[in-house]
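Chemist: missing the sequence, but the structure's below:
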């Protein structure tokens, strides 16, 4: 079985092609700026290096969030379009789980204004504290893992894509048409409208 | 040549299959207007989110409607700008993915070129021509010597004409999107309010923010005096000024450049007041006027596929690193 893995939700861009349980090629660089320009050339390079065509892929694993809204949409649009046109299934993956995939721990993504996206996973990637949009506090389990700088010590993520794939290989797949991003946060306009509706009731 | 075109620059997700730049084989448009109406205008982050949820469904529907497969498509055209950056990116990434998977040329299309080429779906463009582009985001006069050659003569210095319509609508208590309703009200009212003719000079530029402010001040002053605004009359007075200046400068551009063909493009091309006044002026001056069908006035992918055909003929092929641009001029 040949799988494609895409994660463009954080500052670390990962594109991997997995062939029969082994990584055939992986792009894993903390350089995810200008994702919209970079994504397709990286993908083309990955297929080229792995020696496969998009038509060879059996399943796509894509990170649906949380993280950068634009980053999530870029990766997800590519995965959805590819899965739809090649008629293959998609499995959604959490960005925080990928970050914790090396040794487990609490993965943090800076969500600004004092908030973080946080999730705690054990070494077997069991979800100990579900992915949430929360005020940053110290009640979360250590060690903290993040690509972002915080005013306390964080460890740079040590990711293990194969571990993530094995964990989710038999997950129920999702139709590319219905697959949605997992932003974990409403837009400001929606929040204001909700607040307004609550107050007027 | 069959082009699959994608447009997602604002709040419409649209995909079309266009043959040879002039035949609309299939077009699907998914509008988010009802969602954004809750917020009184387009919310960019919500627009981006809805595009990503719907993009593959719209592609699928357009192909099914055309009774075609991706393998039957010769090239992919996509709007790369100008527009809302988050919205543009969804269409752009989908287009690049399809171009990559199927090894097809990727054609970058400027949104305004699209609006202009909406007219090519009605009747093949005849050159030289003047294009009046009027929408919620644009107000421009463009001279075209031949296919896919654009020379900007002038544009708005501030608000786009459609934007001014929506703002005036809000001030006189008409819900979003107010442009079409103001147009309708204008036909029920009389030009009774004293409003200025905006940027009434010899240039090809426009300015609508002063006119908009004049409406706001007038409404405010009348309220202070305890008088009710007569909506229909305010709409008529505002629309008359807008139409008068658009027609005046467009006719001047035609005369100065000795051009006999005029096309109108963009959402405001659906405005009845403008259509009527331009038709009259063109009849009088013996100008050949083309206005697209209502369905091609608002944002759609058919126009992108039409423009894409001529962009391709000119040699506009993009690499997989093509990026979206919120602001970009027509070249």
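Modeler: Ah, there it is. Treat the numbers as computed from the prediction; the structure is a model and nothing was measured.

Chemist: make it CA atoms for all contacts and neighbour counts henceforth
Modeler: Noted.

Chemist: around chain B, pick out the residues from chain A.
Modeler: For chain A, the contact set with chain B under C-alpha under 8 Å from any C-alpha of the partner chain comprises A:36-41, A:44, A:54-55, A:70, A:73-74, A:76-78, A:80-82, A:84-85, A:176-180, A:187, A:189, A:193.

Chemist: among the residues you listed, which ones are in helices?
Modeler: A:36-41, A:44, A:70, A:73-74, A:76-78, A:80-82, A:84-85, A:189, A:193 (DSSP state H).

Chemist: if we can go back for a sec, select only the buried ones of the residues of chain A next to chain B in ChimeraX?
Modeler: In ChimeraX syntax, the buried subset of these is picked out as below (16 or more other C-alpha atoms under 10 Å in any protein chain shown):
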select /A:36,37,38,39,40,44,54,70,73,74,76,77,78,80,81,82,84,85,176,177,179,180
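
Chemist: does stretch B:307-321 reach chain A?
Modeler: Yes. Against chain A, stretch B:307-321 shows contacts by C-alpha under 8 Å from any C-alpha at B:320-321.

Chemist: how many residues are close by the nearest residue to residue A:13 once chain neighbours are set aside?
Modeler: Sequence neighbours aside, residue A:32 is the residue nearest to residue A:13 in space, at 5.1 Å (criterion: C-alpha to C-alpha, 6 or more residues apart in numbering or on different chains). Neighbours of residue A:32 under the rule other C-alpha atoms under 10 Å in any protein chain shown: 19.

Chemist: for stretch A:152-164, what is the distance to the chain centroid?
Modeler: 12 Å (C-alpha atoms, centre = their mean, to the nearest Å).

Chemist: for stretch B:49-69, that is, sorry about that
Modeler: For stretch B:49-69, the distance to the chain centre is 22 Å (C-alpha atoms, centre = their mean).

Chemist: give me the residue ranges of chain A where confidence is low.
Modeler: A:138-139 (pLDDT under 70).

Chemist: assign residue A:108 to helix, strand or coil.
Modeler: Here residue A:108 is recorded as strand under DSSP: H, G, I helix; E, B strand; the rest coil.

Chemist: before we move on, the earlier item: shouldn't the residue nearest to residue A:13 be in contact with residue A:7?
Modeler: No. With contact defined as C-alpha atoms under 8 Å, residue A:32 does not reach residue A:7; the gap is 9.9 Å.

Chemist: touching both of the two, which residues are there?
Modeler: Shared contacts of residue A:32 and residue A:7 (C-alpha atoms under 8 Å, 6 or more residues apart in numbering or on different chains): residue A:13.

Chemist: the helices in the chain, which residues?
Modeler: All of this is about chain A. Under DSSP H, chain A gives helices at A:35-50, A:69-86, A:95-99, A:161-168, A:188-200.

Chemist: that was the other one, I meant chain B.
Modeler: With DSSP H as the criterion, chain B has helices spanning B:33-37, B:44-66, B:85-102, B:111-117, B:161-171, B:179-186, B:209-224, B:231-256, B:272-285, B:294-297, B:302-314.

Chemist: hey, what's the residue nearest to residue A:106 when sequence neighbours are not counted bridged with?
Modeler: Using C-alpha to C-alpha, 6+ apart and skipping the chain neighbours, the partner closest in space to residue A:106 is residue A:120 (4.2 Å). Per DSSP bridges, residues listed as beta-bridge partners of residue A:120: residue A:106, residue A:129.

Chemist: burial count for residue A:120?
Modeler: 26.

Chemist: isn't it right up against residue A:101?
Modeler: No. Look at residue A:120 against residue A:101 with C-alpha under 8 Å: they stay out of range, at 10.5 Å.

Chemist: mutual contacts of the two, please.
Modeler: In contact with both residue A:120 and residue A:101: no residue, using C-alpha under 8 Å, 6+ apart.

Chemist: which residues touch the closest residue to chain A within the stretch 201-331 of chain B?
Modeler: Nearest to chain A in the stretch 201-331 of chain B, going by C-alpha to the nearest C-alpha, is residue B:321, at a distance of 4.3 Å. Residue B:321 makes contacts with A:36-41, as judged by C-alpha under 8 Å, 6+ apart.

Chemist: now with 10 Å?
Modeler: Contacts for residue B:321 (C-alpha atoms under 10 Å, 6 or more residues apart in numbering or on different chains) come out as A:34-42, B:93, B:96.

Chemist: hang on, the earlier thing: with distance to residue A:145 added, can I get the helices of chain A in CSV?
Modeler: Shown next, in CSV, are those (distance: least, C-alpha to C-alpha, whole Å):
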stretch, distance to residue A:145
helix A:35-50, 22
helix A:69-86, 19
helix A:95-99, 7
helix A:161-168, 16
helix A:188-200, 27
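
Chemist: so which bits of stretch B:88-95 are buried?
Modeler: Buried-residue list, stretch B:88-95, by 16+ other C-alpha under 10 Å: B:88-95.

Chemist: actually stretch B:191-199, sorry about that
Modeler: So for stretch B:191-199, counting by 16+ other C-alpha under 10 Å, buried means B:191, B:193, B:195-199.

Chemist: what's it in contact with?
Modeler: So stretch B:191-199 is contacted by B:156-157, B:205-215, B:218, B:229-230, B:232-246 (C-alpha under 10 Å, 6+ apart).

Chemist: of those residues, buried ones?
Modeler: Applying 16+ other C-alpha under 10 Å to the contacts of stretch B:191-199 flags B:156, B:205-212, B:214-215, B:218, B:229, B:232-246 as buried.

Chemist: distance of the residue of chain A found nearest chain B from residue A:30?
Modeler: With C-alpha to the nearest C-alpha, the shortest gap between chain A and chain B falls at residue A:37, namely 4.3 Å. Using C-alpha to C-alpha, to the nearest Å, residue A:37 is found at 15 Å from residue A:30.

Chemist: can you check residue B:328 too?
Modeler: For residue B:328, the distance to residue A:30 - C-alpha to C-alpha - is 30 Å.

Chemist: and what of residue A:66?
Modeler: On the measure of C-alpha to C-alpha, residue A:66 and residue A:30 end up 17 Å apart.

Chemist: show me the contacts for residue 159.
Modeler: The chain I'm using is chain A. The contact partners of residue A:159, taken as C-alpha under 10 Å, 6+ apart, are A:14, A:28, A:97-104.

Chemist: can you look at chain B instead?
Modeler: Residues near residue B:159 by C-alpha under 10 Å, 6+ apart: B:136-139, B:165, B:167, B:206-210, B:212.

Chemist: likewise for residue B:45?
Modeler: Applying C-alpha under 10 Å, 6+ apart, the residues contacting residue B:45 are A:69-70, A:186-190, B:51, B:84-87.

Chemist: can you narrow the buried residues of stretch B:88-95 to ones near chain A?
Modeler: Among those, the residues lying close to chain A (C-alpha under 10 Å from any C-alpha of the partner chain) are B:89-95.

Chemist: now those in TSV, with pLDDT and distance to residue B:2?
Modeler: Output for those, formatted as TSV (pLDDT from 0 to 100; distance: C-alpha to C-alpha, whole Å):
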residue	pLDDT	distance to residue B:2
B:89	98	23
B:90	98	22
B:91	98	18
B:92	98	19
B:93	98	20
B:94	98	18
B:95	98	15
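
Chemist: quick check, nearest of those to residue A:130?
Modeler: residue B:90 (28.5 Å; C-alpha to C-alpha).

Chemist: tell me how far stretch B:320-329 is from the chain's mean position?
Modeler: 18 Å.

Chemist: among the helices of chain A, which is nearest residue B:43?
Modeler: Across the helices of chain A, closest to residue B:43 is helix A:188-200 (C-alpha to C-alpha), at 7.2 Å.

Chemist: what helices and strands are in contact with the closest one?
Modeler: Helices and strands touching helix A:188-200, as assessed by 3 or more C-alpha pairs under 10 Å, 6 or more residues apart in numbering or on different chains; DSSP states H and E, comprise helix B:44-66.
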